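K.L.:
Just a sequence and a predicted model for now, questions to come.
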Amino acid sequence: MAQVSLTFPDGNQRAYPAGVTPGEVAADISKSLGKKAISAQVDGQHWDLQWPIEHDAAIAINTMSDRAPALELVRHDLAHIMARAVQELWPDVRVTIGPVIEHGWYYDFDRQEPFTPEDLGAIEKKMREIIAARDPVTTEVWERDRAIAHYTANNEPYKVELVEAIPGDEPLRMYWHGHWQDLCRGPHLQHTGQVPADAFKLMSVAGAYWRGDSSRAMLQRIYGVAFLNRAELKAHLHMLEEAAKRDHRKLGREMELFHMQEEAPGQVFWHPNGWTIYTALQDYMRRKQRAGGYNEINTPQVVDRKLWEASGHWDKYQHHMFIVEVDESRDGETDDAAVRDKTRTRINALKPMNCPCHVQVFNQGLKSYRDLPLRLAEFGSCARFEPSGALHGIMRVRGFTQDDAHIFCSEDQIQSECARFIDFLADVYRELGFPDFEIRFATRPEQRVGSDESWDYVEGALENAIKAVGRDYTLEPGDGAFYGPKLDFYLTDAIGRVWQCGTFQVDPNLPERLDASYIGQDGDKHRPYMLHRAVLGSFERFIGILIENWEGKLPFWMAPRQVVVASIVSDADDYCREVAAALQARGIRAETDLRNEKINYKVREHSVGKVPVILACGAREVEDRTVTVRRLGEKQTQNRALDDLANDLAREATPPDLA
RNA sequence: GCUGCUGUAGCUCAGAGGUAGAGCACUCCCUUGGUAAGGGAGAGGUCGAGAGUUCGAUUCUCUCCAGCAGCACCA
C-alpha cells in the first residue's frame, strides 16, 4: 500500500497510508488531540480533518487555540448552522450562500415574509439546540449531475445555479451538519458542538441582491457576529456601542454643528459651531496649499451642457448630475409663462467635478513649458445626484466642497509631482492627527484608453514616486480609472476604521478632449498631462471623519467653542466678561456663561457640548485675578493666573502649520 | 435605485378609530450655589405630505417625501 510521509511542525516525520486524513493523524498522535482537533494546515492549505492526504506533505493540526483557523471555522459552521435552523423553522425558505466576513458571517435567504427581530431570536435558539446536539459534520464529493438533480428535486434553484457556475473540472463538495446538507468548499469542524455556544449573536437582517446584481432577486441577508469566547463577543458589542457614540450625526446635533432637512436631501445646513470647524480646516488647507506651490482659483457652478458634452461627462456621468433647464425667454422680458418662447431654453448642469472648469482656466492664453507644472487648486463646490440610498449624514452628500487641484505638467514631471504630492499629503495627515496612512496603487483596467506603452510609462512613474518617498503600498490591479492609474490614500481612525480620503490620478484624456496644450522648448504644441488630486476629499466627509475620530473632542485649534468662562456666583459676572474679552483679544474663541445656574450644571452642559476648556470664576478668582481651569475629560481642576493661562491657550490655539 | 424598518413637541421616545402624553431643552419665579443635571410654575404639536375607507383618521389602506440598516452605486 502506498505511503505518504507527513512532516510535523517540530520537524518529525511519520509515514501513513496514502489517503490518510488529518483527523486520523490527530487521533493517532493522542486521543485528546483527536477530540480537540478542528482542522489542519496541509502544505499551508487550510484542510478539513476528513480530507484525504495523497502526497508527502507538511502538516499541522489546528485546535481552538489556533486563532485564525478557529475563527474561520466557527464562523463558517455557524453560517451553515443558521441556514439549517432557518430551514427547520421555515421549510419553504430557499437557501443561497453564506460566507464568512469580518467579525462573523452572513447567509442570504429567499423567503416571502420578512424576518423579524423575534424571528432572529427563534433562529438563535434553534442554533443553540443544534450546537448542543453535537451533530457530526460529514462531507462527500459529488458528481455535478447528481448535485443538480438533488437541488432540482429539492426546489433549491439558487443552489442549482451555483452548481452550474462551478467549473466542470472542480470537484463539488457536500457537507452535512447532522441531517442538513449544503454545497460547500469547506473545511468545517468535526461536529456542531465545537462551536462556542455563547460567543455568537445574530445582528440584523437586510436586503441583498442575489449575486450582488441589482437586476436580480432581492434576498434577505441575516448577519451574525461570532468569536471564540463570550468575553470577545462582549468586547465586540462594546466596540459597536463606542462607534455609535461617535456617530457624527448624533454629535453634530448635540454640539450644534449642522443640520439637514428634507427640502435639501444630502446637503448640509452648517450652524455657527460647525462652520467654525469648516473654516478653520479650510484656512489651514489654504495656507498649506499656498506654501505647497498651488495657485487657488474659483470656477462656476452652473455650466452649459456643451462643456459637459465636450468633457465626456454628459455621456458617462449625466445620471449623477443636477441638470438645470433655464427658460431664457424670461430674460428681461416677462414673468408670464404663457407668452414665453419655449425654444429659448438652455440646459445647464451643476458641476459634479471641477476638472473641466480647471482646463478652461489653463486654456486661457498661451502656456509655455516654463509655466509647468501649473498647480490650480480650488475649494470646489460640487453637486452630485447620489442615489438616495447612498446618502449618509455629512459623509455621503449631494452638495459638497472638495479640496481639489489639478496639476498640468509634462510627462517627465509626473513622477516628481507625485512624490511631491505624497509628501504634501503625509504632512497634512500628520498635522491633522492621522500619522499612519496606507497607499493603494490602482493599475490599468480592462476597459481603458491610451496605448500600453503610455500606461507602462505612467504606472512606472507612480511606482517610482512612491518608492522615492520611501512608502509601502498595496497593488490593486485593474482598479485604475479608464484614463489612467491612480493612487488612493487611506487613513485609519481612532477605532480602527479605514477611510479613503486622498487620491492622485494621472489623466492624459481630459486635456485631449478639451484641447489643452502648451508650447514646448522645441516651439511645438504639446499636450499636457493633468493630475487630479485631493487630500481631504471633501470638507463635509472629512469633518465627519474628524468628529468620529475625536468623538467630538476636536484638537483645540479646531474646536468650535474653545473656552467657556462660567460664573459661580453672579458677583463674578463682570470678571468673567473681562476674562473672556482678554482671551478673545488673543484670538481665542471664548464665551461666557453667566446664567443663574449652579456650576455643576454648567460644567455638565459644556462637557456634553465638548468644550475643551471651562474656566470657573467665583469670589476667590475675582479676588486673586485667577481662573480655575477644567479641561474636558479631566476631573481635576487647576487654579491659574489669567495672563499665564492666556499665553498657554493662545499657543494651543495655533494651527499646527503655524506652531 | 432595491429590500426591510421608521417618521408624534427643539431632542429622546410613549400612546390610541372619538382631534395627544413623559423626560430633557425652552420661558418665568425662588435659589448665589465651588466642578457632570437645585426647586416650582408655564408655554410649546395640521401626529412627514397627499388621497381613500369611515359619522369621525394622527391611528386603517394607497401614493409620495425624508430618515435608518444593508445591498447596489461612488466614470
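P.N.:
The structure has been received and is ready for your questions. Residues are numbered from 1 along each chain as shown, chains lettered A, B, ... in the order given.
K.L.:
Provide the secondary structure category for residue A:377.
P.N.:
In three-state terms, and counting by DSSP: H, G, I helix; E, B strand; the rest coil, residue A:377 is strand.
K.L.:
What's the local residue count around it?
P.N.:
For residue A:377, the neighbour count with other Cβ atoms under 10 Å is 27. The C-beta positions use only the backbone N, C-alpha and C, and glycine is treated the same way.
K.L.:
Pretty sure it sits against residue A:294.
P.N.:
Yes. Between residue A:377 and residue A:294 there is a contact at 3.9 Å, judged by Cβ atoms under 8 Å.
K.L.:
Could you tell me how many residues sit around the residue of the stretch 51-200 of chain A found nearest RNA strand B?
P.N.:
Among all residues of the stretch 51-200 of chain A, residue A:114 sits closest to RNA strand B, at 3.9 Å; criterion: Cβ to the nearest atom of the strand. Neighbour count for residue A:114, taken as other Cβ under 10 Å: 9.
K.L.:
So the nearest residue to it once chain neighbours are set aside, which state does it fall into?
P.N.:
Nearest residue to residue A:114, sequence neighbours excluded (Cβ to Cβ, 6 or more residues apart in numbering): residue A:220, at 6.6 Å. Following three-state DSSP, we place residue A:220 in the strand state.
K.L.:
which residues does residue A:220 contact?
P.N.:
A:108-111, A:114-115, A:205-208 (Cβ atoms under 8 Å, 6 or more residues apart in numbering).
K.L.:
same question, residue A:55
P.N.:
A:4, A:18.
K.L.:
now it, what's its secondary structure?
P.N.:
coil.
K.L.:
and what of the one 10 residues further on?
P.N.:
Secondary structure for residue A:65, judged by three-state DSSP, is coil.
K.L.:
Report how many residues lie close to it.
P.N.:
For residue A:65, using other Cβ under 10 Å, the count is 9.
K.L.:
Against residue A:653, how distant is it?
P.N.:
52 Å (Cβ to Cβ, to the nearest Å).
K.L.:
Find me the pLDDT at whichever residue of chain A sits closest to RNA strand B, would you?
P.N.:
Chain A approaches RNA strand B most closely through residue A:389 (1.6 Å), counting by Cβ to the nearest atom of the strand. Note on residue A:389: pLDDT of 90.
K.L.:
Likewise for residue A:91?
P.N.:
The model's pLDDT for residue A:91 equals 89.
K.L.:
which ones are touching residue A:127?
P.N.:
A:78, A:81-82, A:85, A:200.
K.L.:
Looking at those, which are in helices?
P.N.:
A:78, A:81-82, A:85 (DSSP state H).
K.L.:
could you measure the residue nearest to residue A:114 against residue A:84, distance?
P.N.:
16 Å.
K.L.:
What residues are bridge-paired with residue A:408?
P.N.:
With DSSP bridges as the criterion, residue A:408 is bridged to residue A:374, residue A:530.
K.L.:
my guess is it contacts residue A:363, does it?
P.N.:
No. Assessed by Cβ under 8 Å, residue A:408 is found out of contact with residue A:363, at 10.1 Å.
K.L.:
Contact residues of the stretch 201-350 of chain A facing RNA strand B?
P.N.:
Listed as neighbours of RNA strand B in the stretch 201-350 of chain A under the rule Cβ under 7 Å from any atom of the strand: A:204-209, A:212, A:214, A:218, A:220-221, A:249, A:253, A:260, A:262, A:265-266, A:312-313, A:316-317.
K.L.:
which residues of the stretch 101-250 of chain A fall in helices?
P.N.:
Assigned by DSSP state H, counting those that start in this stretch, the stretch 101-250 of chain A shows helices spanning A:117-132, A:144-153, A:157-165, A:230-245, A:248-254.
K.L.:
Residue A:512: what's it in contact with?
P.N.:
residue A:527.
K.L.:
Centre of the chain to stretch A:194-213, how far?
P.N.:
Computed by Cα atoms, centre = their mean, to the nearest Å, the separation of stretch A:194-213 from the middle of its chain amounts to 21 Å.
K.L.:
same thing with stretch A:620-629?
P.N.:
For stretch A:620-629, the distance to the chain centre is 47 Å (Cα atoms, centre = their mean).
K.L.:
Report the buried residues of that stretch.
P.N.:
A:621-622, A:626-629 (16 or more other Cβ atoms under 10 Å).
K.L.:
Show me those residues that map onto strands.
P.N.:
A:626-629 (DSSP state E).
K.L.:
ok, so of those residues, who is nearest residue A:164?
P.N.:
For these, the residue nearest residue A:164 by Cβ to Cβ is residue A:629; the value is 71.0 Å.
K.L.:
Provide the secondary structure category for the nearest residue to the closest one once chain neighbours are set aside.
P.N.:
In space, and not counting its chain neighbours, residue A:629 is closest to residue A:638: 4.7 Å by Cβ to Cβ, 6+ apart. The three-state label given to residue A:638 by three-state DSSP is strand.
K.L.:
show me the contacts for residue A:638.
P.N.:
Contacts of residue A:638 by Cβ under 8 Å, 6+ apart are A:628-630.
K.L.:
let's see 10 Å
P.N.:
Taking Cβ atoms under 10 Å, 6 or more residues apart in numbering, we find residue A:638 in contact with A:626-631, A:645.
K.L.:
Kindly report the same for residue A:287.
P.N.:
A:655, A:657-658.
K.L.:
ditto for residue A:307
P.N.:
Residue A:307 neighbours (Cβ under 10 Å, 6+ apart): A:300, A:313-314, A:348-349, A:351, A:356-357, A:359-360, A:514.
K.L.:
In what element of secondary structure is it found?
P.N.:
In this structure, residue A:307 sits in helix A:305-311 according to DSSP states H and E.
K.L.:
Residue A:543 touches residue A:268, doesn't it?
P.N.:
Yes. Using Cβ atoms under 10 Å, residue A:543 makes contact with residue A:268 at a distance of 9.2 Å.
K.L.:
Report the residue spans of the stretch 251-400 of chain A with pLDDT below the cut-off.
P.N.:
The stretch 251-400 of chain A contains residues with pLDDT under 70 at A:331-343.
K.L.:
ok, which stretches of it are strands?
P.N.:
Along the stretch 251-400 of chain A, the stretches classed as strands by DSSP state E, counting those that start in this stretch are A:258-259, A:269-270, A:295-296, A:302-304, A:323-327, A:345-350, A:374-383, A:399-409.
K.L.:
Just name the most buried of those.
P.N.:
Burial of the strands of the stretch 251-400 of chain A is given as mean neighbour count (mean count of other Cβ atoms under 10 Å); strand A:399-409 ranks first at a mean of 23.
K.L.:
Give me the angle between that one and strand A:374-383.
P.N.:
160 degrees (axes from the mean of the first three to the mean of the last three Cα atoms, to 10 degrees).
K.L.:
What residues of the helix or strand following strand A:399-409 count as buried?
P.N.:
Downstream of strand A:399-409, the next assigned helix or strand under DSSP H and E is helix A:414-431. Using 16+ other Cβ under 10 Å as the test for burial, helix A:414-431 gives A:414-415, A:417-422, A:424-429, A:431.
K.L.:
what's the spacing between helix A:414-431 and its chain's center?
P.N.:
Using Cα atoms, centre = their mean, the offset of helix A:414-431 from its chain centre is 21 Å.
K.L.:
State the next helix or strand along the chain beyond it.
P.N.:
Immediately after helix A:414-431, counting by DSSP H and E, sits strand A:437-442.
K.L.:
okay, the helix or strand just after that following strand in CSV with CA atoms only?
P.N.:
Remark: after strand A:437-442, the chain's next helix or strand is helix A:452-468, criterion DSSP H and E. Output of helix A:452-468 as CSV, limited to C-alpha atoms (Å, rounded to 0.1, in the frame of the first residue of the first chain):
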residue,chain,number,x,y,z
ASP,A,452,0.2,50.1,-23.4
GLU,A,453,3.5,52.0,-23.7
SER,A,454,1.9,55.1,-22.2
TRP,A,455,0.4,53.0,-19.4
ASP,A,456,3.8,51.4,-18.8
TYR,A,457,5.4,54.7,-18.5
VAL,A,458,2.9,56.4,-16.3
GLU,A,459,2.5,53.4,-13.9
GLY,A,460,6.2,53.2,-13.7
ALA,A,461,6.4,56.9,-12.8
LEU,A,462,3.9,56.5,-10.0
GLU,A,463,5.6,53.4,-8.6
ASN,A,464,9.0,55.2,-8.6
ALA,A,465,7.5,58.1,-6.9
ILE,A,466,6.1,56.0,-4.0
LYS,A,467,9.5,54.4,-3.7
ALA,A,468,11.3,57.7,-3.8
